[in-house]
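**Q** A predicted structure for the sequence below; I have some questions about it.
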Amino acid sequence: MCPYAWEDAGGVQVHVRELGERLRARGHDAVALSPARQAPSVSWVRRVGAPLNVPYNASNAPISPWPGTFRNVRAELGDFGPDVVHVHEPLTPSASMFAVLAGVAPAVATFHSGADRSRLFDLAAPALRRLARRLAVCIAVSERAASFVRARIGGAYRVIPNGADVARFEKAEPADLGPGGPRILFVGRLHERKGFPTLVSAFGILAAERDDVRLVVAGDGEDRTAIERLPATARSRVTMLGAVRNEDLPPYHAACDVLVAPSVGGESFGMILVEAMAAGLPVIASDIPGYDEVIADGIDGLLVPPRAPVSLAEAIGRVLKDPGLGARLGEAARARARRFDWSVVTEELEEAYRDAIAIGRAPLR
């Protein structure tokens, strides 16, 4: 069960799509139910409602809270007859919550959010605790995500991280980005929460020190104009790719020298970190909850304070000036990324499914 619009960019959608592919490859009969703006092209994905864009956690949540969506979810589950239902973000008023309410099979829930705060969640917590009692097994993608939801509805949580297609990033051929020196890669929405303005300021510092460094930006958003603050000479060394589908990202990783993830908070995990690590890139990220569970500072990446462009520029400069450091961090990153490979994560999720089936359905009480 995916609560967000299938076509929209988002870590939950990527996770559900890739998990479904792995489960089907391992012989399971798996379908995904999701809101969608149009009928999905993937044969095993069913559209159950139209999305509504709702601001949440300094981002957009394209959910489907309509009564018709609930009816469609219940009908699809009734036709399919699942042994277990895996609901992602089940406390969001959308398809996942409706699957829990339908109660046709034991539910395994994965919580992805690492928001710094949520007044709406706090207000709704008493009612959501009742719904959560229907969950047979609760999973969080990180300790950060577990602490966020545990503080509001209680319960016990297994930490099973997001999965990554490690081989897809390990083996990619580099994209042709033209001539130039070392390239810094940014992947994500161009938004203050993702730290894009901080990166632009840091790049301005680096560009003033050396005339060969370049910035490659894979993403779009309201802060795309931040690069206009750069001098013309520095701005000419920025490649704006626009929004790039996840499946099209690996060649850009292969063509770059370092990935920078300067988010300021609200992160539960850091899939962009794992994918870059799988590609063997040294990663420089903000020292924030969620990211600090993926990267060990100085071992498989570097962590710097958020909203600190000077510190960020210094860390990037260290890696670019010291090939040995970059190679050491990249090699350790590759090894660390294997813990998040789908071959490992899928087995852990299968165990959760077996446990949920053994526990059985819980009544809504």
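**A** Received it, and whenever you're ready, just let me know what you need. Residues are numbered from 1 along each chain as shown.
**Q** report the buried residues of the strand or helix carrying residue 343.
**A** Using DSSP states H and E, residue 343 maps to helix 342-359. By neighbour count on 16 or more other Cβ atoms under 10 Å, the buried set for helix 342-359 is 342, 345-346, 349, 352-353, 356-357. In this view, the C-beta of every residue, glycine as well, is placed from N, C-alpha and C.
**Q** pLDDT on it, on average?
**A** For helix 342-359, mean pLDDT is 97.
**Q** what's the answer for stretch 51-60, then?
**A** 79.
**Q** on that earlier part again, got the buried residues of helix 342-359 as JSON lines, with distance to residue 52 columns?
**A** Listed next are those as JSON lines, based on distance: Cβ to Cβ, whole Å:
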{"residue": "342", "distance to residue 52": "31"}
{"residue": "345", "distance to residue 52": "30"}
{"residue": "346", "distance to residue 52": "32"}
{"residue": "349", "distance to residue 52": "29"}
{"residue": "352", "distance to residue 52": "30"}
{"residue": "353", "distance to residue 52": "30"}
{"residue": "356", "distance to residue 52": "30"}
{"residue": "357", "distance to residue 52": "33"}
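**Q** what residues does stretch 201-216 touch?
**A** Applying Cβ atoms under 8 Å, 6 or more residues apart in numbering, the contact partners of stretch 201-216 are 177, 180-186, 199, 229-231, 233-234, 237-239, 241, 252, 255-256, 260, 262, 309-310, 312-313, 316-317, 320.
**Q** how about that stretch: buried residues?
**A** In stretch 201-216, counting by 16+ other Cβ under 10 Å, buried: 201-207, 213-216.
**Q** and if you look at stretch 217-226?
**A** So stretch 217-226, judged by 16+ other Cβ under 10 Å, has buried residues 217-221, 223-224, 226.
**Q** could you work out the most separated pair of those?
**A** Farthest pair in the buried residues of stretch 217-226 (Cβ to Cβ) is 218 and 226. Separation: 15.2 Å.
**Q** what's the helix holding residue 343 packed up against?
**A** On a contact count with 3 or more Cβ pairs under 8 Å, 6 or more residues apart in numbering; DSSP states H and E, helix 342-359 meets helix 11-25, strand 107-111, strand 135-140.
**Q** apply 6 Å and report the result again.
**A** Counting by 3 or more Cβ pairs under 6 Å, 6 or more residues apart in numbering; DSSP states H and E, the packing neighbours recorded for helix 342-359 are strand 135-140.
**Q** so what strands line up beside the strand it packs on?
**A** strand 107-111 (parallel), strand 158-159 (parallel) (DSSP bridges).
**Q** re earlier: ok, the buried residues of stretch 201-216 vs residue 76, which is closest?
**A** residue 216 (41.0 Å).
**Q** does that closest one belong to a helix, a strand or coil?
**A** State at residue 216, reduced to three classes by DSSP: H, G, I helix; E, B strand; the rest coil: strand.
**Q** look at it and report its pLDDT.
**A** Residue 216 carries a pLDDT value of 98.
**Q** from residue 198, how far off is it?
**A** Noted for residue 216: a distance of 17 Å to residue 198, by Cβ to Cβ, to the nearest Å.
**Q** check residue 126 too.
**A** Per Cβ to Cβ, residue 126 is found 38 Å from residue 198.
**Q** the two: which has the busier surroundings?
**A** residue 198 (24 against 10; other Cβ atoms under 10 Å).
**Q** so the more buried one touches residue 309, yeah?
**A** Yes: the pair residue 198 and residue 309 passes the contact test of Cβ atoms under 6 Å, sitting 5.2 Å apart.
**Q** all helices of the chain, in order?
**A** 11-25, 67-80, 95-102, 119-132, 143-153, 166-170, 196-209, 232-235, 250-254, 271-278, 309-321, 323-337, 342-359 (DSSP state H).
**Q** return the distance of the fourth one from the chain's centre.
**A** Here the centre of helix 119-132 is set off from its chain's centre by 24 Å, with Cα atoms, centre = their mean, to the nearest Å.
**Q** what is the burial count for residue 85?
**A** 26.
**Q** same question for residue 53.
**A** The tally of other residues near residue 53 (other Cβ under 10 Å) stands at 11.
**Q** contact partners for it?
**A** 60, 62 (Cβ atoms under 6 Å, 6 or more residues apart in numbering).
**Q** report the beta-bridge partners for it.
**A** Here residue 53, judged by DSSP bridges, has bridge partners residue 62.
**Q** go on, residue 215?
**A** Listed beta-bridge partners, residue 215: residue 184, residue 238 (assigned using DSSP bridges).
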